[in-house]
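Novice: okay, sequence plus prediction incoming.
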Amino acid sequence: VQLQASGGGLVQPGGSLRLSCAATGSMRNIIDMGWYRQAPGKQRELVASIASGGSINYADSVKGRFTISRDNAKNTVYLQMDSLKPEDTAVYFCHLGRFESFSAKDYWGQGTQVTVSS
């Protein structure tokens, strides 16, 4: 499995961005797909995820502002980010979890920078 993320950039506070993550390779036994982020000096944290069955999980800090969605035909997951704040500044990583050999394995995209600044 390979993940290709795109859509980061520089935006002013209150603005919007949409991240995309396209997965290629075997899509069997998928657990979930989603986005994590890592700000300088901080640990990587979950932003949003969508499970194979469709259930969605958001970090409290982004609820009501970010929306995760997926296009199964394109094996792509999206993160619509609205009302962006400076504290959303981070490198955003696409993530895919999959069962392999009876255990969960994590796949990561290359990371895309999101900077929220005036």
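Specialist: Yep, it's here. All of these numbers come straight from a predicted model, not from anything done at the bench. Numbering: from 1, shown residues only.
Novice: tell me which element L10 falls in.
Specialist: strand 9-11 (DSSP states H and E).
Novice: in the following helix or strand past that strand, which residues are buried?
Specialist: Using DSSP H and E, the helix or strand that follows strand 9-11 towards the C-terminus is strand 17-24. Residues L17, L19, S20, C21, A22, A23 are the ones in strand 17-24 that count as buried (16 or more other C-beta atoms under 10 Å). (C-beta placed from N, C-alpha, C; glycine too.)
Novice: next: stretch 32-40.
Specialist: Of the residues in stretch 32-40, D32, M33, G34, W35, Y36, R37 count as buried by neighbour count, 16+ other C-beta under 10 Å.
Novice: likewise stretch 76-96?
Specialist: Residues 76-79, 81, 84, 88-96 are the ones in stretch 76-96 that count as buried (16+ other C-beta under 10 Å).
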